[in-house]
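Novice: Sequence and predicted model, in that order:
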Amino acid sequence: MTTPAQPASAPSLLSDLLLLQFRRGDNESNNQQLYRLMRDGILQEILPPGLRLPSSRQLADELGVARNTVLHAYERLAAEGYVSAGVGRGTFVLDTRPDRLHGQPAATPSPARATTSLVSRRGHELVSQAGAGQRQWGAFMPGVPEIRTFPARTWMRLQNRQWRKPQPELLTYSVGPGLPALRQQLADYLRSSRGVRCTPEQIIITNGAHAALQLIALLLGDPGDKAWVEEPGYWGVHSVWRSAGLDTVPVPVDDEGLQVDAGSGEARLIFVSPSHQYPLGAVMSLARRRRLLAHARRHGSWVVEDDYDSEFRYGRPPLPSLQGLDQHGRVIYLATFSKVMYPGLRLAYMVVPESLVHSFQTGLSELYRGGQYLTQAVLADFIAEGHFVAHIRRMRQLYAQRRQVLLHAIRLHFGDSLPIHDGSAGLHLVLGLPPGSDDLAVSHAAQQAGVLTRPLSQYYRAGQPQPGLLLGYAHVDEADIPRHFAVLAGVIRQHCVPPAQG
């Protein structure tokens, strides 16, 4: 960059600018303030390119500051490329405007990009179809566990024990699939409680379920590959897999789970929640499970089994996992600690077939370098000492009681006039609404009244959605459930149905 051959000389521009805005004794130092005002004047072109600045002595006299103050400001501007200074030839504002560089006009976005948004097409799709809620606590937000009864003192004791003499390998970068001690504890737990057949080496620990889903997509799918996803189903699967380039295909569910025969085309990946379908709560029948496994073997598909809240079944023991039935290594078992511990823990895990162990261990280390080994060590101790199973047992009893209170409140207000879907499991139920109801409007009105719900229709990507509301009860005190549901019932009556006849 060079100065013009005949630079303009207008020191009054700078003097006027500084005399109007310069404040002596301000919290900002004189050096910093003078530099900032001059820099901003150049960037806003109040001080145009080629302008000759007054001498340091002249400007110092006009502002009533020390000459060194001006010299420091000039030197900093010169070092950062805003001005050009030389002994005997003065100080000039340089031309740094991007549309003047090399004589090239400023670039304009392509029409296709300009007419959509500032983000990419993939980003626009992700943002426009986002399903994450802004509020995550309050009646009846679904998917939220009770965290106020978490055994925090026990956790703190175990954590302090690790911190008293932390092992270096727990605090450095992690380059493996998870802490061996935690993977061993999980393998023992899964074999006894979920019927999962695995070794510790098959367990891959990730920072949350979305990280696991993304790793699955990147290692097992190529852009354009089809992936079957339950309809209605978890919005996060669509978001993660489509952002990875997969073509997610909604496949309807019924009372027996995913309708395997309704899927179109061959799928590289198939996402299912067989133990408690999300969000409707159906349990996949044994016949449907065997059909799905046979389909996966025949077409070379990978089945991703989401077992997100299988621990919480009411009235009967949890069903064995789909992975336990798999004889040909086509199922990836996925679970998270968000519901059984607390969401902020941000730990999930996969059980991958032996044929995929090396690829997933390497892929995880290459892309994510998971970390949180110290937290994993605390969790391993928490499980080993029996606190994990005891906590699940207490929560199962508490959630069962809260579920019954909510069911009673629904019957009190609506009798049997509205269908209920929950599968006697999980942390939420779905309250169906009459055909033609606008569940999005009901949910919005309920939020305005102080009650949080999620509309069932937003879990559909194709076809005709059923109207309904997801009601989470796990984190709502039993004494508060009748009061909150009475508010929601009033909103439902206003928008959908007349009061039930007693």
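Specialist: That came through fine.

Novice: Show the contacting residues for the nearest residue to residue 169 once chain neighbours are set aside.
Specialist: In this structure, residue 169 finds its nearest non-sequential neighbour in residue 373, 6.9 Å apart by Cβ to Cβ, 6 or more residues apart in numbering. To be clear about C-beta, it is placed using only N, CA and C from the backbone, and glycine gets the same treatment. Residues near residue 373 by Cβ atoms under 8 Å, 6 or more residues apart in numbering: 169, 170, 171, 174, 179.

Novice: Is it correct that the second one is in contact with residue 180?
Specialist: So the one you mean is residue 170. No. Under the criterion of Cβ atoms under 8 Å, residue 170 is not in contact with residue 180, lying 11.7 Å apart.

Novice: Pick out whichever of the two has more residues nearby.
Specialist: More crowded of residue 170 and residue 180, by other Cβ atoms under 10 Å: residue 170, with 18 against 14.

Novice: per-residue confidence for that one?
Specialist: At residue 170, the predicted lDDT confidence score is 88.

Novice: can you tell me how far it sits from residue 283?
Specialist: With the distance defined as Cβ to Cβ, to the nearest Å, residue 170 ends up 39 Å from residue 283.

Novice: What of residue 271?
Specialist: When distance is defined by Cβ to Cβ, residue 271 is 17 Å away from residue 283.

Novice: same question, residue 246
Specialist: As judged by Cβ to Cβ, residue 246 and residue 283 stand 27 Å apart.

Novice: Between these two, which has more neighbouring residues?
Specialist: Comparing residue 246 with residue 283 by other Cβ under 10 Å, the one with more neighbours is residue 246, at 26 against 21.

Novice: Who's the closest spatial neighbour of that one, skipping the chain neighbours?
Specialist: Among residues not flanking residue 246 along the chain, residue 227 sits closest, at 4.6 Å (Cβ to Cβ, 6+ apart).

Novice: which of the contacts of residue 373 tops the neighbour count?
Specialist: The member of the contacts of residue 373 that has the most neighbours, counting by other Cβ under 10 Å, is residue 179 with 23 neighbours.

Novice: what about the residue lying closest to it once chain neighbours are set aside, how many neighbours?
Specialist: Computed as Cβ to Cβ, 6+ apart, the closest residue to residue 179 that is not its neighbour in sequence is residue 376, at 4.0 Å. Here the number of neighbours of residue 376 (other Cβ under 10 Å) works out to 22.

Novice: I'd assumed residue 177 was in contact with residue 376.
Specialist: No. Applying Cβ under 8 Å as the test, residue 376 and residue 177 come out as separate, 11.0 Å apart.

Novice: Tell me the residues that contact both of those two, please.
Specialist: Here residue 376 and residue 177 have residue 205 as joint contacts, going by Cβ under 8 Å, 6+ apart.

Novice: ok now stretch 189-209, how far from the chain's centre?
Specialist: Distance, stretch centre to chain centre, for stretch 189-209: 23 Å (Cα atoms, centre = their mean, to the nearest Å).
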